[in-house]
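In: I would like the atomic coordinates for the input below:
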Amino acid sequence: MNLEKSKKRIAKRVKMSRQGYPEITIEYFGKTAGCADGVSVKFCLEEGAEIQEQRFSSISDAREDETIQSAIVKIIERSEAMSVVQIEGITAVG
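Out: Here you go, the predicted structure:
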């Protein structure tokens, strides 16, 4: 799946209001505010349930990595997530 198509699919799901569980939370992180060298995808099956997390890292910006963006789309589809939340900006680490 190409990069732009993946980004549009993720954005569309994020724009939909929260519709319950299961819920996916996407958070980009990096050493600087301009480049996300990693992304965390958290899955919660129901309220109060244990959160499962999968992390991806990239040499360049993870927001522009076609493989990572396609993987996020597949995670959303396969988990049948009702809600997708994306944390704004890049969380600073390190």
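
In: Wasn't residue 20 part of a helix?
Out: No. Applying DSSP: H, G, I helix; E, B strand; the rest coil, one finds residue 20 to be coil, outside a helix.

In: mind checking how far it is from residue 83?
Out: Relative to residue 83, residue 20 is positioned 6 Å away (Cβ to Cβ, to the nearest Å). (C-beta placed from N, C-alpha, C; glycine too.)

In: again with residue 56
Out: For residue 56, the distance to residue 83 - Cβ to Cβ - is 20 Å.

In: Contact partners for the closest residue to residue 87 other than its chain neighbours?
Out: Using Cβ to Cβ, 6 or more residues apart in numbering and skipping residues adjacent in sequence, the residue nearest residue 87 is residue 27, 4.1 Å away. When the contact criterion is Cβ atoms under 8 Å, 6 or more residues apart in numbering, the partners of residue 27 are 39-40, 42, 86-87, 91.

In: Give me the subset of the residues you listed lying in strands.
Out: 39-40, 42, 86-87, 91 (DSSP state E).

In: a markdown table for the residues you listed, including distance to residue 78 and neighbour count?
Out: Listed next are those as a markdown table, based on distance: Cβ to Cβ, whole Å; neighbours: other Cβ atoms under 10 Å:
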| residue | distance to residue 78 | neighbour count |
| --- | --- | --- |
| 39 | 17 | 24 |
| 40 | 18 | 16 |
| 42 | 15 | 16 |
| 86 | 18 | 17 |
| 87 | 21 | 13 |
| 91 | 25 | 14 |
